[in-house]
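Undergrad: Just need the structure, nothing else, for what follows:
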Amino acid sequence: MIKNNQTQTIVFRKKPKIIGYYSVVGPKEKNGFFGPYFDYALNDDCFGENSYEKAERKILEHAVLGAIEKAKLQPSDISVLLSGDLLNQIISSTFTARQYETNFIGLYGACSTMAESMAVGGVFIESGLFDNIVCATVSHFSSAERQYRFPLELGNQRPPTSQWTVTGAGALVLSQKGEGPVISMATIGKVVDWGICDVNNMGAAMAPAAMSTLVAHFKETKTRPEDYDLVVTGDLGKHGSEVLIDLMEEEGYSLGDNYGDCGQMYYKNNQKVFMGGSGCGCSASVLNSYILRKVEEGEYNKVLFVPTGALLSPLSCQQGDTIPCIAHAIVIEKGVAK
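TA: Sure, this is the predicted structure:
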């Protein structure tokens with residue numbers, strides 16, 4: 001049923017189907033490049049709650065329910081929820097899960113969580129254990145800043161290499177039956193650490209992990225970047241994308257015009273986000289809006305989706321540890337009904 005043809009890549013023979021997807025973003029994100037494609041945009045970052053953490057949870061709840069409704073299902077039809085986020089003990093995901101009487105598996109891949117959930121969900125669907133699975137993740141600028149850097153009230157100056165954590169969420173429903181784009185392969189990443197410890201230079205820290213996974217994927221599947229309509233990383237930002245392009249050149253792979261990075265493309269130049277977007281919600285909201293819509297419309301027939309994650313914690317940063325990173329790759333193709 002599932003073919004693992006090498007050490008990292010899984011080939012799905014049944015090709016799990018994405019039958020519903022939904023994106024929720026904040027007001028700043030709505031004004032960015034992908035604004036017209038998002039399903040729902042907040043009027044303010046608090047979303048009617050009295051804390052940013054509660055707002056983040058509500059954003060995820062809204063995205064999960066939206067994906068289920070677009071799949072024309074009920075919450076009771078969902079076999080398991082696969083979700084994670086950036087807050088300690090992934091509380092946005094666990095608190096969301098308590099709203100639904102369904103199985104729950106909490107995941108943590110930092111900003112790679114969307115791909116991680118899709119890889120795990122794909123295995124479950126392919127195996128026949130579950131019929132419908134929700135894969136989801138979320139982030140919030142203000143809650144992430146408070147946890148990983150400094151409270152906004154301090155007004156700390158942001159360095160030029162910093163990125164802006166996206167306030168947003170993305171969710172999709174994987175199913176054995178139905179219509180929609182399909183997952184044909186997943187390449188599981190390895191943890192890579194090249195010694196960077198600056199939490200305001202995430203793009204450079206994560207680029208080697210993206211390179212590692214991309215090279216493994218191309219070698220194991222005997223493909224090259226030009227075999228895909230779109231090769232897209234998650235949130236390397238402007239600097240990290242440039243580093244990745246150089247690293248891939250050294251490995252003999254050229255990332256051409258079909259390469260993009262969600263974080264680099266997310267905001268417009270006048271939005272003052274330095275190197276671009278980041279956070280779990282960055283790649284998740286772009287995937288569950290712009291990318292999947294373009295696949296459905298036939299503009300993209302084969303996409304290599306490679307979100308990256310920095311596996312740090314506030315404690316590890318405070319103790320001066322370097323930042324281990326990871327990237328997972330998912331191949332998404334235009335599907336047909338069966």
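Undergrad: What's the local residue count around the residue nearest to residue 320 when sequence neighbours are not counted?
TA: The shortest distance from residue 320 to any non-neighbouring residue, by CB to CB, 6 or more residues apart in numbering, is to residue 197 (6.3 Å). Every C-beta, even on glycine, is put in place using the N, C-alpha and C of the backbone. As a burial measure, the neighbour count of residue 197 was computed by other CB atoms under 10 Å and equals 15.
Undergrad: Shouldn't residue 197 be within a strand?
TA: No. The assignment for residue 197 is coil, going by DSSP: H, G, I helix; E, B strand; the rest coil, so no strand is present there.
Undergrad: I figured it was touching residue 323, is that so?
TA: Yes. The pair residue 197 / residue 323 is scored as a contact, 6.1 Å apart, by CB atoms under 8 Å.
Undergrad: what touches both of the two?
TA: residue 317 (CB atoms under 8 Å, 6 or more residues apart in numbering).
Undergrad: where does this structure dip in pLDDT?
TA: Within the chain, the segments meeting pLDDT under 70 span 1-6, 336-338.
Undergrad: Quick check: can you list the domain ranges of it?
TA: With domains defined by automatic domain parsing, the chain comprises 2-175, 182-333.
Undergrad: now the helices: where do they sit in the stretch 101-250 of the chain?
TA: With helices called from DSSP state H, counting those that start in this stretch, the stretch 101-250 of the chain shows them at 113-127, 141-148, 202-221, 237-250.
Undergrad: Give me the phi and psi for residue 306.
TA: Backbone dihedrals for residue 306, given as degrees, to the nearest 10, come out at phi -130, psi 70.
Undergrad: and residue 84, that's in a strand?
TA: Yes. Counting by three-state DSSP, residue 84 is part of a strand.
Undergrad: quick one: it and residue 151, what's the gap?
TA: Residue 84 sits 24 Å away from residue 151, taking CB to CB, to the nearest Å as the criterion.
Undergrad: more crowded one of these two?
TA: Remark: of residue 84 and residue 151, residue 84 carries more neighbours, 26 against 11, as counted by other CB under 10 Å.
Undergrad: Show me what the more buried one bridges to in the sheet.
TA: Beta-bridge partners of residue 84, counted by DSSP bridges, are residue 137.
Undergrad: Also residue 261?
TA: In this entry, residue 261 is beta-bridged to residue 233, by DSSP bridges.
Undergrad: Give the full set of residues in contact with it.
TA: Counting by CB under 8 Å, 6+ apart, residue 261 has contacts 232-237, 240-241, 244, 276.
Undergrad: Most neighbours among those, which one is it?
TA: Among the contacts of residue 261, the one with the most neighbours (other CB under 10 Å) is residue 235, at 36 neighbours.
Undergrad: residues in contact with the residue nearest to it when sequence neighbours are not counted?
TA: Take residue 235 and drop its neighbours on the chain: the residue closest to it by CB to CB, 6+ apart is residue 263, 3.6 Å away. Applying CB under 8 Å, 6+ apart, we find residue 263 in contact with 163, 203, 233-237, 240, 275-278, 282-283.
Undergrad: Looking at these, which one is closest to residue 75?
TA: Sorting those by how near they are to residue 75, with CB to CB, puts residue 283 at the top with 24.9 Å.
Undergrad: pretty sure that closest one is in a strand, no?
TA: No. Assignment of residue 283 by three-state DSSP gives helix, placing it outside any strand.
Undergrad: how many other residues sit next to it?
TA: As a burial measure, the neighbour count of residue 283 was computed by other CB under 10 Å and equals 34.
Undergrad: how far away is the nearest residue to it once chain neighbours are set aside from residue 202?
TA: Of all residues beyond its chain neighbours, the one nearest residue 283 is residue 234 (3.5 Å), with distances taken as CB to CB, 6+ apart. With distances taken as CB to CB, residue 234 is found 11 Å from residue 202.
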